[in-house]
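Trainee: quick one, what's the 3D model for this:
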Amino acid sequence: CITSDFTYVGNCGSGIMNFTGNPNTIGGQPITSWEWSFPGGTPSSSLDMSPTNIVYPVTIGTYTATLIVSANGCKDTIQKVFTIVGPPTAAFTPTSPCLGTTTFINDGSVAQAGDSITNWNWTITDGSPSSSQYQNPYIIYNTPGAHDVTLEITTQSGCKDTITQQVIVYAPPIANFEGPKEGCAPQCNDYKDLSTSTDGNIKIWQWTFPGGNPGSSPDQNPHICYNSPGKYGGTLIITTEYGCKDTITITPLVTVYPWPDADFYVSPSHAPITDPVFSFSDVWSNEVVQWSWDFGDGAPKNTTDKKP
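Mentor: Model prediction:
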């Protein structure tokens, strides 16, 4: 009594099968004859140890190969069932992410009917993780630029396909702007956008100015007025043509001062012509730092003293 075995390849797509027999039995006895039968194949039989180029229709179908081997007058029969299927097609669509955001890869692979995909093997250059077996993986990249991603798919019948594509990771823009830092109410400022982008043009400017008029603007260089004294901040969010964003907030952005109230009193209110001397004192706002007096025909005629 003897026992033998054989292997085969080629059932994925081409319809051309190659069978490999063994020169010896599993027990080590030399095999003296091989009788193959390939129902549905062309040719349908062979006496070779390892027949090749057995052609089957390139449509999904299940076939049986039979091998009868002889050794020392004993025979053994081995049968194996296999399915001819078309090859799968590997495909995927990555998002084009901005640096620091998550990349989503959407598997778009297609398998032949009746031979579903059972394994996804991803190799991700420069990404984290560097490999994955999920159908639709998420990836983080730490550097901008083009990065290779390779997908190998395997179906339930062992058929495979591989595809390599690039994921483009864009550098985010850098938001920045400038404008006047102080003034007296009402204070109107022109703010100048100084933002930069190395990947793609900036397409959207979103300004917010709490307490300003208007309080928001989509303009690249907005004109904003402040009608009341106080300290005010501002925020700019920019977005590139690839959807990458950056935000800058400056607080305080501008300080708006009230106008001073000019007032004074004089002592005495009356004086004789023989001694026409008067003292002047301020009753104006505390923020006043400069005075300019004009006394008409007095002496001195004018001065910048606080209390002349």
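
Trainee: make it CA atoms for all contacts and neighbour counts henceforth
Mentor: Will do.

Trainee: mind listing what's buried in stretch 225-241?
Mentor: 225-227, 229-240 (16 or more other Cα atoms under 10 Å).

Trainee: which one of those is nearest residue 115?
Mentor: The shortest gap between residue 115 and any of those belongs to residue 240, at 43.4 Å (Cα to Cα).

Trainee: nearest residue to that closest one other than its sequence neighbours?
Mentor: If the residues on either side of it in the chain are set aside, residue 240 comes closest to residue 202, at 4.1 Å by Cα to Cα, 6 or more residues apart in numbering.

Trainee: isn't the one you found right next to residue 237, touching?
Mentor: No - look at residue 202 against residue 237 with Cα atoms under 8 Å: they stay out of range, at 10.5 Å.

Trainee: pLDDT weak spots in the stretch 201-308 of the chain?
Mentor: 265, 282-289, 293, 295-308 (pLDDT under 70).

Trainee: for residue 92, list each beta-bridge partner.
Mentor: Counting by DSSP bridges, residue 92 forms beta bridges with residue 107.

Trainee: close enough to count as contact, it and residue 120?
Mentor: No - counting by Cα under 8 Å, residue 92 sits too far from residue 120 to count as a contact (11.2 Å).

Trainee: so for the two, which sits in the more crowded spot?
Mentor: residue 120 (21 against 17; other Cα atoms under 10 Å).

Trainee: from what I can see residue 224 touches residue 192, true?
Mentor: No - using Cα under 8 Å, residue 224 is not in contact with residue 192; the gap is 11.3 Å.

Trainee: circling back: quick one, what contacts the residue nearest to residue 240?
Mentor: Residues near residue 202 by Cα atoms under 8 Å, 6 or more residues apart in numbering: 173, 196, 238-241.

Trainee: from residue 215, how far out is it?
Mentor: Taking Cα to Cα, to the nearest Å as the measure, residue 202 falls 22 Å from residue 215.

Trainee: just residue 42 next, same as before
Mentor: In terms of Cα to Cα, residue 42 sits 81 Å off from residue 215.

Trainee: longest strand in this structure, please.
Mentor: strand 245-257 (DSSP state E).

Trainee: list the contacts of that strand.
Mentor: 172-176, 180-187, 226, 228-239.

Trainee: give me the more crowded residue out of residue 224 and residue 192.
Mentor: residue 224 (18 against 15).

Trainee: re the thing from before, give me the buried positions along the longest strand of the chain.
Mentor: Applying 16+ other Cα under 10 Å to strand 245-257 flags 245, 249, 253-257 as buried.

Trainee: next SSE downstream of it?
Mentor: The first helix or strand that comes after strand 245-257 along the chain, using DSSP states H and E, is strand 264-267.

Trainee: mind giving me the packing neighbours of that next one?
Mentor: For strand 264-267, the packing partners by 3 or more Cα pairs under 8 Å, 6 or more residues apart in numbering; DSSP states H and E come out as strand 279-282.

Trainee: the stretch 201-308 of the chain: helices as residue ranges?
Mentor: Counting by DSSP state H, counting those that start in this stretch, the stretch 201-308 of the chain has no helices to list.

Trainee: and the strands in it?
Mentor: 202-208, 216-217, 223-226, 230-240, 245-257, 264-267, 279-282, 293-294, 302-303 (DSSP state E, counting those that start in this stretch).

Trainee: list the buried ones in stretch 83-101?
Mentor: 83-92, 94, 96-100.

Trainee: okay, how far is it across that stretch, tip to tip?
Mentor: End-to-end distance for stretch 83-101, by Cα to Cα: 44 Å.

Trainee: let's have the chain start at 29 instead
Mentor: In the new numbering, first residue 29, that becomes stretch 111-129.
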